[in-house]
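K.L.:
Predicted model and sequence below, questions to follow.
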Amino acid sequence: MINAMPVEGVVPDAEAGNPADLVIRNGRVYTQDPVRPAAAAIAVRDGRVVAVGDDQDMAPFVGAETRVVDALNRRIIPGLNDSHLHLIRGGLNYLLELRWDGVPSLRMALWMLREQAGRTPQGQWVRVVGGWTGEQFAEQRLPTVSELNAAAPETPIFVLHLYQSAILNRAAVRAIGLTKDSVSPPGGQIVRSHSGEPTGLLLAAPAATLLYTTLAKGPKLAEQEQIGSTRHFLYELNRFGLTSAIDAGGGFQNFPENYGAVMKLTEQGLLTMRIAYHLFPQTAGQELDDLRRWIGSVRPADGDEWLRLNGAGENLAWSPADFENFTEPRPLRPERADRELEVAVRLLVENGWGFRLHATYEETIRANLDVFDKIAGDGGFPRGVPWFFDHAETVSEASLDRIAVMGGSLSIQNRMMFQGSAFHDRYGQAQAAQAPPIRQMLDRGLLTAAGTDATRVSSYNPWLSLEWLVRGRTIGGRGLMSPENRVDRATALRMYTAAGAGLTGEAGIKGILKEGCYADLAVLSQDFFSVPVEDISHIESLLTVVGGRIVYAAGEFEGLAPPQPAIQPSWSPVAFFGGFHRTVPPTLPSGVRQAQALTEAVAESEEHRQWRAARGFTKDRASYDEIFDSCFVL
């Protein structure tokens, strides 16, 4: 079944003894295989790569039923692997959330809120949950409570900004029952007016628990809708060439009930990403009970190549955890933290469980390493179990040396792209330039994988993270990372592919395109290795293949992937706005950029018109002014 694209020189061979299921030819393949780093074509059978070479090398693999795809000389890379993504939790909620990821102006963001509020049925909320910051907007600021009230007087709106704050309109304050008598929990602040009434602003001070418990009070999708939501989220991730992720657990993600959607998709053969997940104790004081129950029911590596357990974390106990709200001072470590961490780690290593640990600050990492040293003193650590720290923005060289000696690894994220200005304001340029110290990690030979920490902080778009690794700038363009701490493009890609495979025990079979490896790859819209550095974040995949299956196709490859099911509920923000907002690459020729900007403006204007027409506000100017103030009029 050679597809309709030009495939000159490839002729089906009816005598082919063991034909491939898929052949991709006429590409520029970056294999990450040092034996053969570059190629033009790949053949795939039963989900694995069976041949890598030139176009003519593919002839023996092309049979009458082989699908042959012409890559049109585009760059092909191994599928991307986010080593720290809250994929399972994000999937359950994706179709409920309005994404501001990539939206260029607050004006547009507020219009999106207003439009979505008009489509949202009574009893439901409009939620903006992570993936953005005020620095990305032309206005360089956050929305105000009054702007949310103007956008949606009656529909509850909840807007989460990083791990720092949440902004609610009056309807949301009423919906969750916040009153003058509501008490701020430890580590959180309900901001109040002069009269003592909640204003709608919630602050993490420094813990984000208040923000997350408030968000958890909103309506949830039904079980079948959660499955559909997860499927659409995976498709959105495939859009950017993601083929694997290590799920980091997270608050309000209970096992096994919140894992039902990915388990059901696995059973049906509908997963379009490989997921290795970690189990995260949810309730302070009950962590050991959770760990013992899980140890008795599942084992690391249980599952298959699509869905498998990878250990515990990113919290093992709540008391040793720190917080990454850089607008607040670093939290002090409770006295009981070392004792509770020691008991949890001993339990895990005695049962062969690996783990990951959330650790933003050097002080946290140093204290955790002291606990590990104590356990190692009687032969109880590491006993061959894989373990790694997440984040590590301020880790010291001395602690990196200790991590190396203890056989640990690291997973870093582009949180500084979104939170770097707040970090800089508190800790200064010298520390911001090395946060995290990537080159020091790599120079020690430490396995260091990259990711995003999406969906409630950074965006899930991996190309933002890849641009940050090589460019070192915030989402607003502020240069923080020193040139000495940045990495070249080949290193960044390795951190986003093969390194992540190392954290899940899949090194040598994933993140590399050679015979016998997983057939996970992406055909890119632009060449990662030659595109201007400021355009890296605008790259997408035009063809994503996972396990030899085409799971996403766009542009010249439109129609090669199976269609997605209809979005349910039909009023979902994703049904109207999609996910990550696509914008014009900054280095496009000015004429092209101007034409595309005009096209976007016309489309926005038509969206405004449709919104007004649907609500009867287009008959005369008076009714128009009643619903739109000047802030929202183009």
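P.N.:
That came through, no problem.
K.L.:
contacting residues around the helix or strand harbouring residue 29?
P.N.:
Residue 29 belongs to strand 28-30 when assigned by DSSP states H and E. Applying C-beta atoms under 8 Å, 6 or more residues apart in numbering, the contact partners of strand 28-30 are 37-42, 52, 71, 73-78, 493, 513, 527, 529. Backbone N, C-alpha and C define where each C-beta goes, glycine included.
K.L.:
What of stretch 229-239?
P.N.:
Where contact means C-beta under 8 Å, 6+ apart, the residues beyond stretch 229-239 that reach it are 82, 87-88, 90-96, 221, 245, 261-262, 265, 270-273, 460, 540-541, 544, 546, 551-552, 554, 564-565, 567, 574, 579-580.
K.L.:
The strand holding residue 29 pairs with which strands, and in what direction?
P.N.:
strand 38-39 (antiparallel), strand 75-78 (parallel) (DSSP bridges).
K.L.:
Deepest in the core, which of the ones you listed is it.
P.N.:
Scoring the strands paired with strand 28-30 by mean neighbour count under mean count of other C-beta atoms under 10 Å gives strand 75-78 as the most buried, with a mean of 25.
K.L.:
Contacts for it next, please.
P.N.:
Defining contact as C-beta under 8 Å, 6+ apart, one finds that strand 75-78 is touched by 24, 27-32, 42, 241, 493, 497-498, 510-513, 520-524, 526-529.
K.L.:
helices and strands around the helix or strand that that strand is followed by, which ones?
P.N.:
Once the chain leaves strand 75-78, the next helix or strand it forms, by DSSP H and E, is strand 80-85. For strand 80-85, the packing partners by 3 or more C-beta pairs under 8 Å, 6 or more residues apart in numbering; DSSP states H and E come out as strand 242-247, strand 409-413, strand 448-451, helix 498-503.
K.L.:
after strand 80-85, next one along is what?
P.N.:
helix 87-93.
K.L.:
ok so, going back, how far does the strand holding residue 29 sit from the chain's center?
P.N.:
Taking C-alpha atoms, centre = their mean, to the nearest Å, the mean C-alpha location of strand 28-30 is offset from the chain mean by 25 Å.
K.L.:
coming back round to it: hmm, which of the contacts of stretch 229-239 are the buried ones?
P.N.:
With neighbours counted using 16 or more other C-beta atoms under 10 Å, those contain these buried positions: 82, 87-88, 90-96, 221, 245, 261-262, 265, 270-273, 460, 540-541, 544, 546, 551-552, 554, 567, 574, 579-580.
K.L.:
In strands only, show me those residues.
P.N.:
Here DSSP state E is the test, and the buried ones among the contacts of stretch 229-239 give 82, 245, 541, 544, 546, 551-552 as lying in strands.
K.L.:
Which member of the residues you listed is positioned nearest residue 194?
P.N.:
Distance to residue 194 across those (C-beta to C-beta) is lowest for residue 82, with 45.1 Å.
K.L.:
Tell me the confidence at the closest residue to residue 554 other than its chain neighbours?
P.N.:
Spatial nearest neighbour of residue 554, chain neighbours left out: residue 542 (5.2 Å); criterion: C-beta to C-beta, 6 or more residues apart in numbering. The score at residue 542 is 98. That number is its pLDDT.
K.L.:
same deal with residue 457?
P.N.:
pLDDT, the model's per-residue confidence, is 89 for residue 457.
K.L.:
And for residue 17?
P.N.:
Reported pLDDT at residue 17 in the predicted model: 76.
K.L.:
what does the one 4 residues further on give?
P.N.:
As predicted, residue 21 sits at a pLDDT of 98.
K.L.:
Surely it touches residue 66?
P.N.:
Yes. At 6.8 Å, residue 21 counts as touching residue 66 under the criterion of C-beta atoms under 8 Å.
K.L.:
who's more crowded, those two?
P.N.:
Here residue 21 and residue 66 are compared on neighbour count by other C-beta atoms under 10 Å; more neighbours surround residue 66, at 22 against 19.
K.L.:
which SSE is residue 475 in?
P.N.:
Under the assignment here (DSSP H and E), residue 475 is part of no helix and no strand.
K.L.:
quick one: contacts for it?
P.N.:
The neighbourhood of residue 475, defined by C-beta under 8 Å, 6+ apart, consists of 133, 135-136, 417-418, 464.
K.L.:
now it, nearest residue through space, not along the chain?
P.N.:
In space, not counting the residues next to it along the chain, residue 475 is nearest to residue 136; the distance is 4.7 Å by C-beta to C-beta, 6+ apart.
K.L.:
cool, residue 561 as well?
P.N.:
Nearest residue to residue 561, sequence neighbours excluded (C-beta to C-beta, 6+ apart): residue 553, at 4.1 Å.
K.L.:
quick one: the one you found from residue 490, how far?
P.N.:
Taking C-beta to C-beta, to the nearest Å as the measure, residue 553 and residue 490 are separated by 27 Å.
K.L.:
between the two, which one's more packed in?
P.N.:
Neighbours were counted for residue 553 and for residue 490 using other C-beta under 10 Å; residue 553 has more, 20 against 14.
K.L.:
the strands in the stretch 351-500 of the chain, which residues?
P.N.:
For the stretch 351-500 of the chain, the strands identified by DSSP state E, counting those that start in this stretch occupy 355-359, 387-391, 409-413, 448-451, in order along the chain.
K.L.:
okay, now residue 223: neighbour count?
P.N.:
12.
K.L.:
so who does the most centrally placed residue in the chain touch?
P.N.:
In the chain, the C-alpha nearest the mean C-alpha coordinate belongs to residue 460, at 2.9 Å (C-alpha atoms, centre = their mean). Going by C-beta under 8 Å, 6+ apart, residue 460 touches 82, 85, 90, 101, 131, 236-237, 240, 452, 454, 580.
K.L.:
before we move on, back to that, out of the ones in strands among the buried ones among the contacts of stretch 229-239, who's nearest residue 205?
P.N.:
Looking across those and measuring by C-beta to C-beta, the closest to residue 205 is residue 82, at 29.4 Å.
K.L.:
Now do that closest one against residue 456, distance only.
P.N.:
Taking C-beta to C-beta as the measure, residue 82 and residue 456 are separated by 14 Å.
K.L.:
what does residue 230 give?
P.N.:
Taken as C-beta to C-beta, the spacing of residue 230 relative to residue 456 amounts to 16 Å.
K.L.:
Kindly report the same for residue 529.
P.N.:
32 Å.
K.L.:
How about residue 518?
P.N.:
As judged by C-beta to C-beta, residue 518 and residue 456 stand 29 Å apart.
K.L.:
swap in residue 342?
P.N.:
Taking C-beta to C-beta as the measure, residue 342 and residue 456 are separated by 29 Å.
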